[in-house]
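# Structure, please.
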Amino acid sequence: MKKLCYKTLEEMNFDGYLLKDAPERILQFGEGNFLRAFVDYFVDMMNERCGFNSKIVLVQPIEGGERIKEFINEQEGLYTLFLRGNENGQKVNDRRVISSVSRCLNPYTEYESYMECAKNPELRFIACNTTEAGIAYDASCQFGDKPASSYPGKLTQFLYARYQAFGKEKGKGFVILSCELIDDNGKELEKCVLKYANDWELGEEFIQWIKEENIFCSTLVDRIVTGYPRSEAAAICEELGYEDNVIDTGEVFGFWVIEGPKSLKAELPFEKAGLPVLITDNHKPYKQRKVRILNGAHTSMVLGAYLAGQDIVRDCMKDDVIRGFMNQAIYKEIIPTLTLPEEELLDFAKSVTDRFDNPFIDHALLSISLNSTSKWKARVMPSLKGYVEKFQALPECLTASLAFYIAFYRGVRLDEKGFAGLRGEQEYPISDDKSILEFYNAHRKDDAQTLAKAVLSNTAFWGEDLTEIPGLEKAVAEDLKTIEEKGAYELMKGVLK
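Below you'll find the predicted structure:
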């Protein structure tokens, strides 16, 4: 097979968009599947539609991963992206060659080349996704490390090199777009950088330059990225007519909310390019929308659906009862508790059904079930409490979701292999913190009423005593009895209006 390169594409009469040469204006910490299907895709679209004319230098945030770097550089930054799924009930499978990436650097083996990027006067943006654990202060990092092991440490070194190269010259700081999945990701990153600058004694003027010349943007990212399609890769390359070792795949839906000043709209013409990227002064309502509707729908539905015999999300969408239960939870119990305009909430909710029904993603319910205690607390509990506060009544689906969670965690055996529950004759793994599993193991023989009281009153789980919510303990106990006697599916049927 032919390798993906400029010459080969021309020989193949490639008629898609391809940016061959442009200044490197973006530094990106992270060479993985998510950023390449999200940030690099959006930049590529701006290049085509708005003449953004920018290339991205990828930087490996952690040691290792040389193979991916070599493939990216061998292919001159080019790779094929497939965005697949449903839009308005229609199956979509879009293909695009992404040409926004120039090269990939490993700062552990190419430290000088990496730091040389700080001297590039056209460099303006820094994007990052170093996982939830990436934005953390590590006191063992030293300024003289080449490079510092933590991502904030690396960024501080890079910013200092920038400051040394351009001093106090206006406009030479960076717009930093943090994509990690933690609250206030940009603000948390800035705190770490300022702490390093202070602890490393890099000077008050440098600290002021960080604050005044750099914009740390908190962002919300939303796209399921499935990455390299290992089982399909050979067939895909055969069909493409060239070999691509870093094919990427993701869902069609994508949405990016960037918290920053209005001036960013001119610098980053997402809107002009017609892209689903919103620059706003407050990203939190959009995060709340995603967590409560998308993630909340998952968490409130999947444990009950699993107990009812389902195994993947897409199949749940083909069952009228399970789908109806999920929709009732979203439209009648979750959306009424949110603050964004109703039209925006309804549009987002509509996209959720398409996303869950994606024919290209086998999203296993058991994989979503991991750490469901903290997930229910973060994703469902606020909607339940908001509904009670607004209507002085219990939301039936969200209340049932708490019973599904308890029933799912009602294990039968805890040993060195882990904690196991039972669906019919089949054992399934229950995965959560050790203390949580030990709690459920200790209460596995409780009757429904005793178990409901023990779980709801466990302030270590919820940060408060949920038995104080009027009627909740009784309702959950009754739902648990229904699950025991008739099954989870019958409980879903029973709450549908």
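
# Run through the residues that contact residue 234.
By CB atoms under 8 Å, 6 or more residues apart in numbering, the contact set of residue 234 is empty. For the C-beta atoms, the positions are set from N, CA and C on the backbone; glycine is no exception.

# Read off the pLDDT value for it.
According to the prediction, residue 234 has pLDDT 95.

# Next, the residue nearest to residue 178 when sequence neighbours are not counted: phi, psi?
Spatially, and ignoring its direct neighbours in sequence, residue 178 is nearest to residue 185 (4.0 Å; CB to CB, 6 or more residues apart in numbering). Here is the backbone geometry of residue 185 (degrees, to the nearest 10): phi -60, psi -40.

# if I read this right, residue 185 contacts residue 191, doesn't it?
No. With contact defined as CB atoms under 8 Å, residue 185 does not count as touching residue 191 (10.9 Å).

# Which one of these two is surrounded by more residues?
residue 185 (27 against 15; other CB atoms under 10 Å).

# And that one, how close does it get to residue 400?
33 Å (CB to CB, to the nearest Å).

# quick revisit: now for the residue nearest to residue 178: which residues touch it?
Counting by CB under 8 Å, 6+ apart, the residues that residue 185 touches are 135, 178, 179, 218, 219.

# top of these by neighbour count?
Most neighbours among these, by other CB under 10 Å: residue 178, with 28 neighbours.

# mind listing what it touches?
By CB under 8 Å, 6+ apart, the neighbours of residue 178 are 128, 135, 185, 186, 188, 189, 216, 217, 218, 219.

# In strands only, show me these.
If you go by DSSP state E, the contacts of residue 178 have 128, 216, 217, 218, 219 in strands.

# Which pair of these spans the longest distance?
Pairwise distances across the ones in strands among the contacts of residue 178 (CB to CB) peak at 12.1 Å, for the pair 128 and 218.

# residue contacts, residue 292?
Residue 292 is in contact with 334, 337, 338, 379, 382, 383, counting by CB under 8 Å, 6+ apart.

# Repeat that for residue 393.
Counting by CB under 8 Å, 6+ apart, residue 393 touches residue 387.

# Looking at it now. What's its pLDDT?
pLDDT, read off for residue 393, is 98.

# One more: residue 83?
pLDDT recorded at residue 83 is 98.

# Phi, psi for it please.
Main-chain dihedrals, residue 83, degrees, to the nearest 10: phi -110, psi 120.

# before we move on, back to that, just the contacts of residue 178 now: which is nearest residue 105?
Closest approach between these and residue 105, by CB to CB: residue 128, at 14.1 Å.

# The closest residue to residue 329 other than its chain neighbours: which element?
The shortest distance from residue 329 to any non-neighbouring residue, by CB to CB, 6+ apart, is to residue 397 (3.8 Å). For residue 397, the element it lies in under DSSP states H and E is helix 396-408.

# Buried residues of that helix, list them for me.
Within helix 396-408, the residues that qualify as buried are 396-408, counting by 16 or more other CB atoms under 10 Å.

# and if you look at stretch 476-493?
476-483, 487-489, 491-493.

# try stretch 268-278
Residues of stretch 268-278 classed as buried by neighbour count (16+ other CB under 10 Å): 268, 269, 270, 273, 275, 277, 278.

# Same check on stretch 207-220?
If you call a residue buried by 16+ other CB under 10 Å, then stretch 207-220 has these buried ones: 209, 210, 213, 214, 215, 216, 217, 218, 219, 220.

# between these, which is nearest residue 75?
Relative to residue 75, the closest of the buried residues of stretch 207-220 is residue 219; by CB to CB it sits at 27.8 Å.

# residues in contact with that closest one?
So residue 219 contacts 177, 178, 179, 185, 186, 256, 257, 258, 259, 283 (CB under 8 Å, 6+ apart).

# Can you tell me which of those residues end up in helices?
The members of the contacts of residue 219 that map onto helices under DSSP state H are 185, 186.

# With pLDDT and distance to residue 44 added, can I get the contacts of residue 219 in CSV?
Shown next, in CSV, are the contacts of residue 219 (pLDDT from 0 to 100; distance: CB to CB, whole Å):
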residue, pLDDT, distance to residue 44
177, 98, 16
178, 98, 21
179, 96, 16
185, 96, 23
186, 98, 23
256, 98, 14
257, 98, 20
258, 98, 17
259, 98, 23
283, 97, 23
